[in-house]
Structure formats: C-alpha cells, structure tokens
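**Student:** okay, structure incoming, though there's no sequence with it:
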C-alpha cells in the first residue's frame, strides 16, 4: 500500500480506493451498499458512501471506489486511516471491510498559508 499525499484544505484529488477480495471468490457486483470510513487521530472524519463504484468487468472480485472530499475533512494535518466497508445483502446484512488486514493512509501535509 502506498500513502496518498495531500496538502491541508485541498479537496482534490478525490479519494480513490481499490478494493479486492484476496480469495478472488466474491463477486463485488453483489454488494448492496458501500461506505468509506476515515479516522484522523482517533476521530471519525469521513463516513459516507463513495461517489462511484466500478467493479472490474473481468475480475469481479476487484472494485474501484471514488469519493470526493468535503470541506472540513481535509483541515487537519496528519495521517488519516481509511477503509471501505461493503454491506452484503442478507438478514441481517453482512459487513465486510477492505482492506481486511490493515488500512490505507492519506497524509495531510501542512500548507504554507
């Protein structure tokens, strides 16, 4: 995993997460809903659906989630841990977190202003 680097207060580029079922068995087209979660210094900063979800047409166990930043989410310098949660249909719904072993990181660097 690589760390995405941004300046504090920037809203571009969008947050892009590539998620995959490491067993390569799940068809991610079957996910009922997605949620992106981000914590910075233990505080929940991002919690909402992605703007778009594109499941790979060949490798359906892989998807790309894109989410636009919202004002306020990028205001604090530091490392934000980010993960995606898929909600599989069922009663009750069944959550699955990506990446399963760790989290992605977005580093917000101080700006000069």
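**Tutor:** Nice, I can see it. Being a predicted model, the structure only gives us computed values, none of them experimental. Numbers count the residues shown, from 1 in each chain.

**Student:** give me the mean pLDDT for stretch 36-50.
**Tutor:** Per-residue pLDDT over stretch 36-50 has a mean of 96.

**Student:** should've said stretch 62-75
**Tutor:** In the prediction, stretch 62-75 has an average pLDDT of 96.

**Student:** what do you get for stretch 93-103?
**Tutor:** Stretch 93-103 carries an average pLDDT of 86.

**Student:** check which element follows the longest strand along the chain along the chain.
**Tutor:** As assigned by DSSP state E, the longest strand anywhere in the chain is strand 78-88. Under the assignment DSSP states H and E, the closest C-terminal helix or strand after strand 78-88 is strand 94-98.

**Student:** helix or strand right after that following strand?
**Tutor:** Next in sequence after strand 94-98, counting helices and strands by DSSP H and E, comes strand 104-109.

**Student:** just the angle for that next one relative to strand 78-88, thanks.
**Tutor:** Counting by axes from the mean of the first three to the mean of the last three Cα atoms, to 10 degrees, strand 104-109 lies at 150 degrees to strand 78-88.
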